[in-house]
Every structure is written in C-alpha cells, then in structure tokens.
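Engineer: kindly generate the corresponding structure for this input.
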Amino acid sequence: MSLQLALFILFGAVAAISAVLMITRESPVISALFLILNFASLAGLYLTLNAQFIAVTQVIVYAGAIMVLFLFVIMLLKPEHEKFFSIHPKMKIFTFIIALIVFVQLVFMIVFSQTLKSSGPNLAASIKAGTIEEIGRQLYTNYILPFEAAGYLLLAATIGALVLAKKKFE
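Structural biologist: Numbers count the residues shown, from 1 in each chain. Now for the predicted structure:
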C-alpha cells in the first residue's frame with residue numbers, strides 16, 4: 001500500500017468520523033469544532049487527489065472565514081435553551097432512519113463501483129491542472145477579462161455596502 005493511499009484512507013476515516021460526531025453532539029460549539037476537523041481532513045483528501053488550490057481554499061475559506069461566522073452566529077443565538085430532540089423524540093428516530101439509508105447507499109456505491117484501470121496520459125494532465133501555478137497562469141492569461149470584471153463587481157458591492165451602512169451623509 002502506497003503512502004498516498006494510506007493518507008487517503010486516514011483522511012477519509014477522520015472526515016467520516018468527525019462528520020458523525022458533528023451531528024451527534026448536543027453542544028453546537030463542540031459540533032462546530034468537529035466541523036473544523038472535518039474541513040481540515042477534506043483539505044487533506046484534496047491534497048492526496050493532487051488538487052492543491054482547492055485544499056488551500058478549503059482551509060482559508062471554510063475552516064477560517066466561514067467557521068468564524070458560524071461561531072459568531074452560535075454565540076449570538078444562545079442555543080443552550082434549544083432542545084430540539086427532547087421536544088420531538090420521533091424526529092430522532094426519523095433522523096436515524098435517514099442516516100441508515102444514506103449509509104447503505106454509500107456502502108452500495110463503494111462496493112459496486114468500478115475503478116479506472118488505465119490512467120495513461122490523462123493522469124499527468126489532471127495533476128498539472130490542479131496546481132496553483134497552472135490555475136494562476138490560466139487566470140492571468142486566458143481569463144484576465146472575467147477575472148478583472150469579477151474584481152470590479154466585488155469592489156462595487158463593497159462600496160454599495162459602505163454607502164448603505166452609512167447612516168447620514170455629511
């Protein structure tokens with residue numbers, strides 16, 4: 001077994017276990033921490049699949065910015081007063097049935113899937129396409145106009161948000 005396969009299995013197991021722990025915890029803060037662990041293990045999975053840019057984006061955007069937003073919302077809502085499953089015990093049974101159905105579907109897909117026997121020249125091209133260098137080269141050569149248009153659109157949205165947030169013009 002190669003190191004890449006061993007790391008893929010390790011990151012996959014950590015992602016699956018942290019996902020289950022995330023949805024089974026009573027405390028939303030602990031669930032958010034398991035979600036961060038899940039995001040980090042997904043970034044590791046992306047690295048084993050030679051998608052470096054997506055792995056870095058996963059860590060920066062999701063494990064960083066989105067999780068800070070989630071934690072702010074959790075703290076503002078004060079969820080210690082919310083007990084959903086204690087109010088609706090039948091909902092707990094329903095969620096376990098849905099989880100079992102999804103698990104059976106995943107096992108079925110894994111057992112009856114066919115692996116790609118010959119990767120050939122497409123493997124080298126796919127490895128090259130996922131690097132940050134290649135994405136940057138494509139972005140600043142072939143797609144410079146849409147890239148600049150997206151930048152101006154974000155700038156206009158930021159200026160609009162500042163104008164709307166200002167209470168009174170002086």
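Engineer: what separates the longest helix seen in the chain from the chain centre, distance-wise?
Structural biologist: Assignment by DSSP state H gives helix 89-112 as the longest helix of the chain. On the basis of Cα atoms, centre = their mean, to the nearest Å, helix 89-112 is displaced by 21 Å from the centre of the chain it belongs to.
Engineer: check which residues of that helix are buried.
Structural biologist: By 16 or more other Cβ atoms under 10 Å, helix 89-112 has no buried positions at all. For glycine as for every other residue, the C-beta is placed from the backbone atoms N, C-alpha and C.
Engineer: give the other helices and strands that that helix contacts.
Structural biologist: helix 84-87 (3 or more Cβ pairs under 8 Å, 6 or more residues apart in numbering; DSSP states H and E).
Engineer: any idea of the mean pLDDT in the helix it packs on?
Structural biologist: The average pLDDT within helix 84-87 is 57.
Engineer: same question, stretch 107-116
Structural biologist: 74.
Engineer: centre of the chain to that stretch, how far?
Structural biologist: In terms of Cα atoms, centre = their mean, the centre of stretch 107-116 is found 23 Å from the chain centre.
Engineer: and residue 78, what pLDDT?
Structural biologist: We have a pLDDT of 69 for residue 78.
Engineer: check what contacts the helix or strand containing residue 164 and list those residues.
Structural biologist: Using DSSP states H and E, residue 164 falls within helix 144-165. Residues from elsewhere that reach helix 144-165, judged by Cβ atoms under 8 Å, 6 or more residues apart in numbering: 139-140.
Engineer: any idea how far residue 128 is from the most centrally placed residue in the chain?
Structural biologist: Central residue of the chain (Cα atoms, centre = their mean): residue 39, 5.4 Å from the mean position. Going from residue 39 to residue 128 by Cβ to Cβ, to the nearest Å gives 26 Å.
Engineer: please pull out the lowest mean pLDDT helix or strand from the protein.
Structural biologist: Here the helix or strand of the chain ranked lowest by mean pLDDT, DSSP states H and E is helix 84-87, holding a mean of 57.
Engineer: what's the distance between the residue nearest to residue 25 when sequence neighbours are not counted and residue 13?
Structural biologist: Distance criterion Cβ to Cβ, 6 or more residues apart in numbering; nearest residue to residue 25, sequence neighbours excluded, is residue 31 at 4.6 Å. Separation of residue 31 from residue 13 (Cβ to Cβ) stands at 19 Å.
Engineer: swap in residue 100?
Structural biologist: 19 Å.
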